[in-house]
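Peer 1: I would like the atomic coordinates for the input below:
(one chain, ligands or ions: 2)
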Amino acid sequence: MSVILAIESSCDETSVAICNNGKITANVIANQTIHENYGGVIPELASRVHQQNIVPVIHQALTDAKVSKKDVTAVAFTRGPGLLGSLLVGVSFAKAFALALEVPLISVNHMHAHILAHFIDDPKPQFPFLCLTVSGGHTQIVLVKAYDSMEIIGETLDDAAGEAFDKTAKILKLPYPGGPLIDKHAKNGNPLAYKFPEPQIKDLNFSFSGFKTAVLYFIRNQEKLNPDFIEQHLDDICASVQHSIVQILLNKLKKAAKEHGIKDVAIAGGVSANSGLRNGLQALAQEMNWNVFIPAFEYCTDNAAMIAIAGYHKYLVKDFVGQDVSPAARMIF
Ligand code: KG4
Ligand code: ZN
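Peer 2: Ligands and ions are numbered 1, 2, ... in the order given. Next up is the predicted model:
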């Protein structure tokens, strides 16, 4: 019998989930809208809002899962990577809660958890599989060999794919986080209206900083000719930007699958919510004869359900940590 209470507070979502014998029975997420006006997450504000949210979110999760705190058999938490002040709120709360309840503590790597979100619902991938993990802070191709054995075989050398979406959105005067808004506008636009160069990066690595600059110069040049260029062509620009980012991601994923002879391919992280990426992956899967695994929307962006399922698999092998654990902003993969 296991009831795992999991806490996620690495960035700007305060989330608590309950995993009851391997099944997610609650996943409460409090989003922080305070950052919208600043064009990005303000770390100091994020940690303050986590502090306000954490107790009510825990109560809501226990209520949703119909369990009491006395039923909890372990507390899992995101140790990193993430914003230090934000992590501190979740880690400190998890430690205090576990101490008070006299239950074990489980430390979870946020990036592993994004991948293990595929083990929440059926169909579940078989090991080994490849996972393209694309979020606001990371872009990685990971060879997943077991719950506790993962190898990064490609990653970004600079900006993450989510940053490419968000920074482009900022150029287009869209509020933060711009990724979902680019996705929304792209639905009404022509993906081939404008062409942006694909960075020529060796191996299975990515680079998105040049891409963002290419979009910036393109927009500046167009605005010299037509000051209302963005307003008049927003849907086409968004569709073209999205198409280009998705092609960069999928081309490397295709190369990785070929090189490693793997046909089970997954995507994870906030950008896996992108409709262009989801559709593009489905189409590529047909062409390449892959089995693909695309997470439910609620498990793409940050959530504690993924921490709970990762924690559950650690609980089964008694992989616990002591009270001396501290948050790790740059946690090693
Ligand atoms: O995994 P996540 O919630 O947080 C991090 O760990 O970073 O990912 C957030 C990122 C943001 O950059 C956001 O713009 C992007 O995921 N994102 C999207 C979409 N939904 C979220 N990007 C493109 N299209 C979307 N639909
Ligand atoms: Zn994340």
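Peer 1: what sits against whichever residue of the stretch 201-333 of the chain sits closest to ligand 2?
Peer 2: Nearest residue of the stretch 201-333 of the chain to ligand 2, counting by Cβ to the ion: Asp302, 4.5 Å away. To be clear about C-beta, it is placed using only N, CA and C from the backbone, and glycine gets the same treatment. By Cβ atoms under 8 Å, 6 or more residues apart in numbering, the contact set of Asp302 is 8, 10-13, 15, 29, 110, 270.
Peer 1: neighbours around Glu198, how many?
Peer 2: By other Cβ atoms under 10 Å, 13 other residues sit near Glu198.
Peer 1: residues in contact with the closest residue to it other than its chain neighbours?
Peer 2: Excluding the flanking residues, the one nearest Glu198 by Cβ to Cβ, 6 or more residues apart in numbering is Ile248, at 5.6 Å. Residues counted as contacts of Ile248 (Cβ under 8 Å, 6+ apart) are 198-199, 206, 208, 211.
Peer 1: next one: Ile248 from Ser2, what distance?
Peer 2: Between Ile248 and Ser2 the distance is 41 Å, computed by Cβ to Cβ, to the nearest Å.
Peer 1: wait, does the helix or strand containing His114 make contact with ligand 2?
Peer 2: Element membership for His114, per DSSP states H and E: helix 110-116. No: with Cβ under 5 Å from the ion as the criterion, ligand 2 is not reached by helix 110-116; the gap is at least 5.5 Å.
Peer 1: may I see the buried residues of that helix?
Peer 2: For helix 110-116, a neighbour-count test (16 or more other Cβ atoms under 10 Å) marks 110-116 as buried.
Peer 1: before we move on, back to that, wasn't the residue of the stretch 201-333 of the chain closest to ligand 2 part of a helix?
Peer 2: No: judged by DSSP: H, G, I helix; E, B strand; the rest coil, Asp302 forms no part of a helix; its state is coil.
Peer 1: how about the nearest residue to it, chain neighbours excluded?
Peer 2: Using Cβ to Cβ, 6+ apart, the closest residue to Asp302 is Glu13 (4.4 Å).
Peer 1: test my guess that that neighbour contacts Asn31.
Peer 2: Yes: using Cβ atoms under 8 Å, Glu13 is in contact with Asn31, at 5.9 Å.
Peer 1: more crowded one of these two?
Peer 2: Glu13 (21 against 14).
Peer 1: where's that one relative to Pro104, distance?
Peer 2: Glu13 is 25 Å from Pro104, by Cβ to Cβ.
Peer 1: before we move on, the earlier item: show the average pLDDT along the strand or helix carrying the residue nearest to Glu198.
Peer 2: Assigned by DSSP H and E, Ile248 belongs to helix 229-260. The average pLDDT within helix 229-260 is 98.
Peer 1: which parts of it are buried?
Peer 2: Applying 16+ other Cβ under 10 Å to helix 229-260 flags 229-230, 233-246, 248-250, 252-253, 256-257 as buried.
Peer 1: what comes into contact with the following helix or strand past it?
Peer 2: Per DSSP H and E, the first helix or strand lying C-terminal to helix 229-260 is strand 264-268. Around strand 264-268, the neighbours that count as contacts under Cβ under 8 Å, 6+ apart are 114-115, 117-118, 125-126, 128-134, 144, 253, 257, 277-278, 281, 285, 290-295, 300.
Peer 1: filter those residues to the buried ones?
Peer 2: Counted by 16+ other Cβ under 10 Å, the contacts of strand 264-268 give 114-115, 117-118, 125, 128-134, 144, 253, 257, 277-278, 281, 285, 290, 292-295, 300 as buried.
Peer 1: who touches the residue of the stretch 201-333 of the chain found nearest ligand 1 in this structure?
Peer 2: Taking Cβ to the nearest ligand atom as the measure, the stretch 201-333 of the chain has Gly270 as its residue closest to ligand 1, at 2.0 Å. Residues in contact with Gly270, defined by Cβ under 8 Å, 6+ apart, are 134-136, 162, 177, 179, 300-302.
Peer 1: ok, which of those also contact ligand 1?
Peer 2: Under the cut-off given by Cβ under 6 Å from any ligand atom, ligand 1 has 135-136, 162, 177, 179, 301-302 from the contacts of Gly270 close to it.
Peer 1: which of these lies closest to Phe333?
Peer 2: Closest approach between the ones next to ligand 1 among the contacts of Gly270 and Phe333, by Cβ to Cβ: Ser135, at 13.2 Å.
Peer 1: now that closest one: closest residue in space that isn't a chain neighbour?
Peer 2: Per Cβ to Cβ, 6+ apart, closest to Ser135 is Gly269, 3.6 Å.
Peer 1: isn't the one you found up against Gly137?
Peer 2: No: the pair Gly269 / Gly137 is not scored as a contact, 9.1 Å apart, by Cβ under 8 Å.
Peer 1: find the residues that touch each one of the two.
Peer 2: Common neighbours of Gly269 and Gly137, using Cβ under 8 Å, 6+ apart, are Gly162.
Peer 1: give me the more crowded residue out of these two.
Peer 2: Gly269 (29 against 18).
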